[in-house]
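> here is a sequence with its predicted model. Questions after.
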Amino acid sequence: MEHFGFWSIFPPLLAILLAIKTRQVFLSLFFGIWFGWVIIKQGNLFYGTLASIDALVDVFKEPSNTRTIMFSALVGALITYIQRSGGVDGFINYINRFLHFLENKKSGNSRRTVQLMAWATGVIIFVESSINVLTVGSIYRPIFDRMKIPREKLAYIADSISAPTCILIPLNAWGAYIMGLLLAQGLTNPFKIMLHAYPLNFYPFLAMAMVLLVIITQKDIGPMKKAELRARKEGKVIADDAVPMMSNEIVSMSMKEGAKPKARNMLIPIATMVFMMPIGLFYSGWSQLQDAGQLSFTQLIFESIGQGSGSKAVLWAVLTALLVAAIMYRSQKIFKLQELIDLLFKGVGGLIPLALLMMLAFAIGKLCRELGTGLYVAELAKQWLSPHFVPFIIFLVSCFIAFSTGTSWGTFAIMLAIAIPMAQNMQVNIPLVVGAVLGGGVFGDHCSPISDTTIISSMASASDHIDHVKTQLPYALLAGGAAAFIYLVIGLVS
């Protein structure tokens with residue numbers, strides 16, 4: 001049986017509805033997996049339960065899945081290292097010295113320059129979205145306050161460059177996760193497909209460009225315009241009735257007492273990880289080439305990287321970065337060996353929820369393949385939906401799911417398992433629908449008041465959360481509407 005008919009759509013639909021109702025993504029994904037295996041086992045609850053447990057265990061049978069989950073957990077250790085060593089504090093001090101110089105110059109463009117620097121800092125820190133937001137908020141909140149720039153603007157800038165930057169520069173857990181989901185759908189070259197899909201992932205580009213446009217023109221709309229007028233005329237960076245969410249409550253790791261803040265303790269490990277990723281892709285891909293001797297040097301590089309294993313590359317990269325960081329901090333006598341080990345486990349433990357989410361995401365993706373969910377949806381869609389509208393519809397559905405659940409990663413897991421078989425069956429460009437899923441997931445997550453990055457943005461900037469959501473929404477809707485229109489046009493002309 002190629003699919004289970006109408007029952008094929010029940011498990012992902014159950015996961016979506018439960019997530020909307022309960023806001024519990026982990027529980028919702030698990031019940032979706034359980035229900036799917038009960039269907040496969042012809043309604044037998046006992047066998048379905050055992051099969052769902054086995055399905056979660058079987059996630060680790062795939063080496064790429066295991067490597068991706070390990071990488072995501074180890075990134076937590078790297079973040080802990082650079083925070084505790086004083087790397088983040090050193091970077092903050094470095095930026096603040098330049099900002100003080102701007103203040104002393106009393107330049108009329110200092111407000112614009114500071115906001116551009118906040119944008120650029122977020123782009124640089126693409127390793128993980130939460131540390132991205134936390135760093136931008138903690139660095140720039142004091143100077144934004146001194147320059148009477150509303151905290152809603154800081155929260156908007158931080159939020160709009162976190163997930164978009166992380167998904168557009170895939171040398172991080174985002175890229176490894178997406179490649180793992182593509183591989184789970186039976187695609188033989190997920191890295192190449194992901195690279196082709198990224199230029200078609202329009203929303204992150206538009207969201208980041210929107211921030212630049214607002215900063216450069218200094219023109220605001222909607223509630224943000226009122227916030228800017230309040231800050232300029234009354235000197236109030238937050239509204240009178242605002243309830244700020246203080247960042248001190250979420251900074252998980254402070255600098256060790258006695259350590260000196262040094263920016264290189266943050267920059268060198270991150271640069272090491274970034275540098276090692278293409279090397280890992282080249283090495284893992286080069287060993288797979290059959291006709292390497294017939295290729296030119298340039299062709300060899302590109303073919304090797306294209307054939308490389310993303311999960312291997314990111315795991316090797318983060319392990320190298322951890323080793324470099326440990327040697328640096330030990331040579332500076334910041335940590336003893338036991339402290340390094342303790343911090344390693346603490347950092348890994350902090351990202352266990354992320355690892356569990358990835359395990360569930362991989363499991364529901366494989367389940368949808370077993371059920372033939374995408375194939376059934378494609379057969380249904382063929383009867384009333386033109387292939388020209390598939391990217392547009394996929395983008396809108398992904399937006400809705402991510403907004404309702406507050407998670408882009410959960411949306412990727414559900415929608416890629418549906419969208420890719422639809423594209424294959426209806427002869428729609430696969431990178432285009434992958435880009436639509438990724439863009440829709442980021443847009444919905446960006447707008448959602450229950451999204452972790454939205455909440456952390458409010459906390460890091462010490463802004464009122466509802467004020468942040470209200471002031472950000474008009475800009476996000478403009479960028480999202482433009483992205484939807486582009487998908488519609490491309491679908492119609494293709």
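Received, thanks. Bear in mind that the values here come from a model prediction, so they are computed numbers and not experimental data.
> in which helix or strand does the residue minimising distance to the centre of the chain reside?
Centroid-nearest residue in the chain, with CA atoms, centre = their mean: residue 163, separated by 4.5 Å. In the assignment (DSSP states H and E), residue 163 maps to helix 151-168.
> can you check what angle separates the very next helix or strand once past that helix from helix 151-168?
Following helix 151-168 in sequence order, the next helix or strand is helix 173-184 (DSSP H and E). Orientation check (axes from the mean of the first three to the mean of the last three CA atoms, to 10 degrees): helix 173-184 against helix 151-168 gives 40 degrees.
> name the helices or strands packed onto the helix or strand encompassing residue 392?
Taking DSSP H and E as the criterion, residue 392 maps to helix 390-405. On a contact count with 3 or more CB pairs under 8 Å, 6 or more residues apart in numbering; DSSP states H and E, helix 390-405 meets helix 10-22, helix 408-426, helix 430-447, helix 465-493. (Glycine included, C-beta is placed from N, CA and C.)
> verify the stated contact: residue 447 with residue 473.
Yes. The pair residue 447 / residue 473 is scored as a contact, 6.0 Å apart, by CB atoms under 8 Å.
> all helices for the stretch 101-250 of the chain, in order.
For the stretch 101-250 of the chain, helices defined by DSSP state H, counting those that start in this stretch occupy the ranges 110-124, 129-146, 151-168, 173-184, 190-197, 202-217, 222-234.
> now, of those, which is deepest in the fold?
Per residue and on average, the most neighbours among these fall to helix 151-168, with a mean of 28 (mean count of other CB atoms under 10 Å).
> for that one, name the packing helices and strands.
When contacts are defined as 3+ CB pairs under 8 Å, 6+ apart, helix 151-168 packs onto helix 110-124, helix 129-146, helix 173-184, helix 202-217, helix 222-234, helix 430-447, helix 452-460, helix 465-493.
> among those, which comes closest to residue 159?
The closest of the helices and strands packed on helix 151-168 to residue 159 is helix 452-460. By CB to CB, the value is 3.8 Å.
> I'd like the average pLDDT over that closest one.
For helix 452-460, the mean pLDDT works out to 76.
> then it to PDB, C-alphas only?
In PDB, the C-alpha atoms belonging to helix 452-460 read as follows (Å, rounded to 0.1, in the frame of the first residue of the first chain):
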ATOM      1  CA  ASP A 452      10.900  31.100  22.200                       C
ATOM      2  CA  THR A 453      12.900  33.700  20.200                       C
ATOM      3  CA  THR A 454      10.100  36.200  20.400                       C
ATOM      4  CA  ILE A 455      10.000  35.800  24.200                       C
ATOM      5  CA  ILE A 456      13.800  35.900  24.600                       C
ATOM      6  CA  SER A 457      13.900  39.000  22.400                       C
ATOM      7  CA  SER A 458      11.600  40.700  24.800                       C
ATOM      8  CA  MET A 459      13.600  39.500  27.800                       C
ATOM      9  CA  ALA A 460      17.000  40.400  26.400                       C
END
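> that helix versus helix 408-426: what angle between them?
Helix 452-460 runs at 150 degrees relative to helix 408-426, counting by the same axes, to 10 degrees.
> how far out from the middle of the chain is helix 452-460?
Helix 452-460 has its average C-alpha position 14 Å from the chain's average C-alpha position, going by CA atoms, centre = their mean, to the nearest Å.
> between that helix and helix 465-493, how big is the angle?
With the same axes, to 10 degrees as the basis, helix 452-460 and helix 465-493 are set at 140 degrees to each other.
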